[in-house]
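Asker: can you look at this prediction? I've put the sequence above it.
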Amino acid sequence: MAKKEMKKMALRDTLGDKIFYTINAIFLGLVALIVLYPLYFIVIAAISDPDAVLAGDVVLYPVKLNFDGFVKIMERKDVWLGYRNTIIYTALTVILSIIVTVPAGWALSRNTLPGKKAFMIYFIIPMFFGGGLIPFYNVMSSLKLVNTIWAIVLPSILSVWNLFMTKTFFQSSIPDTLIEAATIDGAGSFRIFGEVVLPLSKAIIAVMALYYAVGQWNSYFNAMIFLQNENLYPLQLVLKEILIASESTVGGSGETILQQYRLANQLKYVSVIVSSVPVLLLYPFVQKYFAQGVMIGSLKG
Amino acid sequence: MSEVVMKGLKKVYDNKVTAVHDVNLEIKDKEFIVLVGPSGCGKSTTLRMVAGLEEISDGELYIDGKLVNDVAPKDRDIAMVFQNYALYPHKTVYDNLAFALKLRKESKEVIDKKVREVAEILDITQYLSRKPKALSGGQRQRVAIGRAMVRDPKVFLMDEPLSNLDAKLRNQMRAEIIKLRSRINTTFMYVTHDQTEAMTLGDRIVIMKDGYVNQIGTPQEVFNKPVNLFVAGFIGMPVMNFFDNCKLLLEDGKYYAEIRGVKFLLSEFQQKALAQNNTQPCEIVAGIRPQHVTVGEGDLSAKIEVSEMMGSEYNIHARCGTDEVVMLIPTVDLTTDVSMGATVNFTTRPHLIQLFDRESGKNLIWYDEESAANDAPVCKRYDF
Amino acid sequence: METKAAKLAAPAKQRAPKKKMSKERRIRYLKDNSPYLLMILPAVLVVFLFNYLPIYGVLIAFQDFMPGDKILSDSTIWVGFQNFERFFSDPQFWPLMQNTFLICIIGFVIGFPLPIIISLMLNAMKGKKTAKVLQTIFNGPHFISLVVLVGMLTLFFGRYGLVNNIAAHFGGERYSYFLESRAFRPMYILSSNWQDFGWSAIIYIAALSNVDPQQHEAAILDGATRFQRVLHVDLPAIMPMISVMLIMSIGGLMGVGYEKALLMQTDGNLQVSELISTYVYKRGLTGVPDQAYATAIGLFNSIINVVLLIIANTTSKKFSENSLW
């Protein structure tokens, strides 16, 4: 049916429309190229001969296939420790954040929640005003969380944005009458939540889990300020050392710099790939959920 | 025994908007009562107060003699069928039916027996293992009814249960509900905006508007003896013809209704009622049902604008001065020309004329304290 | 009629124990709804610990505070607005304000319209499947971490990176972009846009997908070209969304965070890459920490943001129907 209509529309296209569609497609194609090329380059650079990369021979395809970088990264214990740590932090964050966010979102979506207005204001204020970095650090330090994994996990288990997104989801996709029917059937609030609401909330739970997971997977700052023990470093912090730290100390003659590059270059390309693989592998499968989340959030409750 | 008694039931939202004013209603055991009215009239709110889904702002609600204002819905011994069915989408039909019993901690055998029994009655046994998504509208409707039935409630509440169905299915389900009623034999409270449903299903009908009960009565009563303009206009298809600016005359001790210059000597019981109330001559709105119009005689005349042959009857829209008159004329023995553009004489029998006070909209004959449930505000014209 | 009203009113009056009933009702209401309180409790606690306690901790901005001091005790030394005054006379004050403002305003000018244009173009694409694929591609970079993003920048813009290699190939000179202060802002802003334009477009794409196709059909019958329909059907449809996003953006005009800038800072570009937020980090957590001072600066920045947001919202309310609250 839709196809038929498209055909009919095609017949109606004027010359001007055709030009418009063509320019539009070309432009978007260029944008796609700008997005994809850097990512593509990382991949071909990682599997090319480092000297060829440095010499600028690698532009469109890999030159002299070389997988030394992957061998080298296998030997980096810090990377794998970071990997392990990040997986632990991410898993903990996801589990705890779902436990905290989803029931709270449900409660906030109920009009009978005592003091609903006050709670809403309570959660809205931090969206627009915060104490800032130093008081936050001091709180963490007086809670004795510094240099523990909880400094990484606990502050990340609730995002107010996500909470409101969850609330909006419940408001818009769980019909009131369903809850009323369950009430009449004799279910209490907890049972309704567990037996009626949760089974219908897989979409939002998936979205929330993904949001929190990606957030934790990609974050480095809290780890940088709260962790001194290198054995607790998450992947991003290790990556930071590999990718960036050397750059800021760049100095001296061109020869030294070049030497530095030669040593570290391939490892950098490879580490970008290795660290992003889980997210990139997951991405095509879950991207519709991510987008769904943004759309849920955009419906004004 | 399961009567429902409402005394001065009231619903006020946020101390501002009053959705339901002072409903007084006694529903007898095993009675089928229908709440009907246009949208926003408070009928659903009333039902939901009985269900316990809405807090009662004021007044008392008794079910089976017990004050239940502050009793939780599940302990009121009621069951409800929702307009959108509200089936649990993730549960099978079986589990949908069994849920309430499970919560009551009934044994597996009892649950199974009950569920199968009800499924048998509703003819949904073959769907028990399906999810609601895989059912048609009518089947979902049955499951929703079944979910209410398994609980053997004292009161069966239904909130516009048929309005999501298409016309054909609706007629079919309406018949089913009538059949069902004879089987489960309990008290029903049924909310609808559809007067046909109200007339065909109800033992008694409660007609509401703007939060007020306008009339409570059997289908015959509300049809034949509407207490005010609103009820007269709301009940009956097609809508009653109203002639504004008519007069009630009193000459030589006899009452006459003057409609568009034509005088009708009122019938015996009308004379009696008017005399009893000592009604003075006044301006009235006269109401004549389309079914009660006869053509080819009388002194009123109208020009036919639309004439629809419906088989056993003509549905005629005619113009009589400034009034539009709708007539339903049986085709049997019809000798008058009722084609489009023809001018016909028409009349009605005096005892079928409804007389409404022009000021208050009340029926001069039928309005009395017994039949009118409370002081619904003045309704000068039937308005939708 | 009168009598009837009286008759009905009477039982109402007899219901004397009204007070008692409302108390029962309140108890029942609380009992029925206390589970919700329990469900919301963990979230309240988390927000209290990590959002509200720091707000309380802001008090040290008005103190002579040493790390380890209690926020409120007998020995607390209150210094009023001294820390703020120090900041205003800090030689870094104007450069910081300027750097922060410029990076935000340039980022806004480029980053605000871009997703709108992209969403309109995607929506106007002929092949809906192609549009979906493109959207998936455009969203991709959003999931790259900041560390990796900046790492990629250093790889591409390093002295022997791709960009310099290409430039050298055409006879250009090699630049260390990360050591050039001129290059900082373009790199920062363009990479941010590269990463997030697709993601920011989702919200507009969602709004556009809700446009009634019949509106388009009516416009076609009226003789509108596809481009005219973009301007007269699509754009008006997302206007409310644009207003809301605009307000939020203006509220964030001084709110750029430290995470990315810190990663991109080098000795060479510090004069433009030092932002209020990174300065707060450095003064408060590195070297010899001056926490009270850093907190005061952070507070000053937050207050600017709130004020900007309120101004934006009030203005928007005045001139259109759109506002956040």
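Answerer: That came through, no problem.
Asker: distance check, the most centrally placed residue in chain C against B:Gly8.
Answerer: Residue closest to the mean C-alpha point of chain C, counted by C-alpha atoms, centre = their mean, is C:Gly252 at 5.7 Å. Relative to B:Gly8, C:Gly252 is positioned 56 Å away (C-beta to C-beta, to the nearest Å). Where you see a C-beta, it was placed from the backbone N, CA and C, and this is true even at glycine.
Asker: can you give me phi and psi for C:Gln82?
Answerer: In this entry, C:Gln82 is assigned phi and psi values of phi -50, psi -40 (degrees, to the nearest 10).
Asker: check contacts around it.
Answerer: Taking C-beta atoms under 8 Å, 6 or more residues apart in numbering or on different chains, we find C:Gln82 in contact with C:Asp64.
Asker: packing partners of the helix or strand hosting B:His21?
Answerer: Secondary structure assigned from DSSP states H and E places B:His21 in strand B:17-27. Packing partners of strand B:17-27 (3 or more C-beta pairs under 8 Å, 6 or more residues apart in numbering or on different chains; DSSP states H and E): strand B:4-13, helix B:43-51, strand B:212-217, helix C:2-14.
Asker: what's the first helix or strand after the last one?
Answerer: Right, helix C:2-14. Past helix C:2-14, heading to the C-terminal end, the next element that is a helix or strand (DSSP H and E) is helix C:18-47.
Asker: equivalent analysis for the third one, please.
Answerer: Scanning the chain past strand B:212-217 towards its C-terminal end, the next helix or strand to appear is helix B:219-224 (assignment: DSSP H and E).
Asker: which parts of that next one are buried?
Answerer: By 16 or more other C-beta atoms under 10 Å in any protein chain shown, the buried positions in helix B:219-224 come out as B:Pro219, B:Glu221, B:Val222, B:Phe223.
Asker: chain center to it, what's the gap?
Answerer: Distance of helix B:219-224 from the chain centroid (C-alpha atoms, centre = their mean, to the nearest Å) equals 10 Å.
Asker: residues in contact with that helix?
Answerer: So helix B:219-224 is in contact with B:Ala198, B:Met199, B:Thr200, B:Gly202, B:Ile205, B:Ile207, B:Gln215, B:Val231, B:Ile235, B:Gly236, B:Ser371, going by C-beta under 8 Å, 6+ apart.
Asker: in the stretch 101-250 of chain C, what spans have low per-residue confidence?
Answerer: For the stretch 101-250 of chain C, no stretch has pLDDT under 70.
Asker: now do the closest residue to chain B within it against C:His232, distance only.
Answerer: For the stretch 101-250 of chain C, the nearest residue to chain B under the criterion C-beta to the nearest C-beta is C:Asn210, separated by 22.4 Å. Taking C-beta to C-beta as the criterion, C:Asn210 is separated from C:His232 by 17 Å.
Asker: out of those two, which sits in the busier spot?
Answerer: Between C:Asn210 and C:His232, counted using other C-beta atoms under 10 Å in any protein chain shown, C:His232 has the larger neighbour count: 14 against 9.
Asker: just checking, that one touches C:Ala219?
Answerer: Yes. In this structure C:His232 lies within contact range of C:Ala219 using C-beta atoms under 8 Å: 6.7 Å.
Asker: which of the helices and strands packed on strand B:17-27 has the lowest average pLDDT?
Answerer: Ranked by mean pLDDT, the helices and strands packed on strand B:17-27 end with helix C:2-14 in last place, scoring a mean of 36.
Asker: count the neighbours of A:Ile225 for me.
Answerer: A:Ile225 has 18 neighbours, counted by other C-beta under 10 Å.
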